[in-house]
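1. starting from these lines, generate the structure:
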Amino acid sequence: MRVVVTRLQEKEDNTVELFGKYGLEAIVVPTIRSRPPRDSASLDALLQMVSGQRIDILIFTSSLGVSKFFEKCDSISSNTTIISVGPKTAQKVNEFGYSSEVLDSFSSDRFAEYLKDRARGKIIGIARAGVPNPELVGALELLGATVVEGVCYELESAPNELKGMISAHKIDAVVITSTKSFLSAGLENTDVSGVVMVAIGPKTAKGMMDAGVEPDMVGGGTLESCAVLLQDMG
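-> Here you go, the predicted model:
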């Protein structure tokens, strides 16, 4: 089975090898790319607070966010608790010489549950992409925390051949890795007939359905979970 994965190029590492373990031929076709934020004010403010040791908890929501953050950050106080969303983000934090707690699921409910006994009265920094998550901020604020967000990078559509590959019947399945990557591909129901559409997780699945395309499968938030679903299908 030939599977396209809409992985952001900067996050690409071992996708082909990962899917190969499950007998799948993966082709990485990025439909979005990163660029520096148009306005660096929020990131500058977060960096200043980190430097001044005024951030109690620092959350990284992606490995790319970690890289972009440390391009401008010299050091983080040992008094600051770092939380990474997922093991790959934690690994990237470790590459810069820091350790972090690892949250296995990126959802506002999961964060609220994880931090319910530690958030009150704390200042929590979030280093993220230029995609707002008001649910997460709201959940942390309900716990009594003050939230400071810093946009480390933004995402924009990238030229790609995904629609043409589908129409030419060159692939069997597509793994959509984010709502933005799906919207940037410009796919509609008529474009995906005969192709297995896989959303990496429930949030992406909702974004696809809101745009009029219902995924055939929904993973558990990781590429490996998607590979397992496709292997079981085969």
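2. quick one: low-confidence ranges for the protein?
-> For the chain, applying pLDDT under 70 flags the ranges 12, 105-109, 234.
3. quick one, which residue of it lies the farthest from its center?
-> Among the residues of the chain, the one whose C-alpha is farthest from the average of all C-alpha positions is residue 168, by C-alpha atoms, centre = their mean at 29.4 Å.
4. show me the contacts for that residue.
-> Taking C-beta atoms under 8 Å, 6 or more residues apart in numbering as the definition of contact, residue 168 has no neighbours. C-betas here are computed from N, CA, C, even on glycine.
5. try it again with 10 Å
-> Taking C-beta atoms under 10 Å, 6 or more residues apart in numbering as the definition of contact, the neighbours of residue 168 are residue 161.
6. residue 135: neighbour count?
-> 14 (other C-beta atoms under 10 Å).
7. that one is in contact with residue 111, isn't it?
-> Yes. The pair residue 135 and residue 111 qualifies as a contact (C-beta atoms under 10 Å) at a distance of 9.4 Å.
8. if I look at residue 40, how far off is residue 46?
-> To residue 46, residue 40 is 10 Å away according to C-beta to C-beta, to the nearest Å.
9. hang on, I meant residue 161
-> Counting by C-beta to C-beta, the gap from residue 161 to residue 46 is 37 Å.
10. swap in residue 92?
-> Shown here: residue 92 relative to residue 46, a distance of 18 Å by C-beta to C-beta.
11. residues contacting residue 50?
-> With C-beta under 10 Å, 6+ apart, residue 50 has these contacts: 58, 69, 72-77, 80, 125, 127, 148, 150.
12. so which of these belong to helices?
-> Where these overlap with helices, as defined by DSSP state H, the overlap consists of residue 69.
13. so can I have JSON lines of the contacts of residue 50 showing distance to residue 215 and neighbour count?
-> Written out in JSON lines, the entries for these read as follows (distance: C-beta to C-beta, whole Å; neighbours: other C-beta atoms under 10 Å):
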{"residue": "58", "distance to residue 215": "33", "neighbour count": "27"}
{"residue": "69", "distance to residue 215": "31", "neighbour count": "25"}
{"residue": "72", "distance to residue 215": "37", "neighbour count": "14"}
{"residue": "73", "distance to residue 215": "37", "neighbour count": "19"}
{"residue": "74", "distance to residue 215": "43", "neighbour count": "8"}
{"residue": "75", "distance to residue 215": "42", "neighbour count": "13"}
{"residue": "76", "distance to residue 215": "38", "neighbour count": "21"}
{"residue": "77", "distance to residue 215": "42", "neighbour count": "13"}
{"residue": "80", "distance to residue 215": "38", "neighbour count": "18"}
{"residue": "125", "distance to residue 215": "33", "neighbour count": "26"}
{"residue": "127", "distance to residue 215": "29", "neighbour count": "27"}
{"residue": "148", "distance to residue 215": "34", "neighbour count": "20"}
{"residue": "150", "distance to residue 215": "32", "neighbour count": "27"}
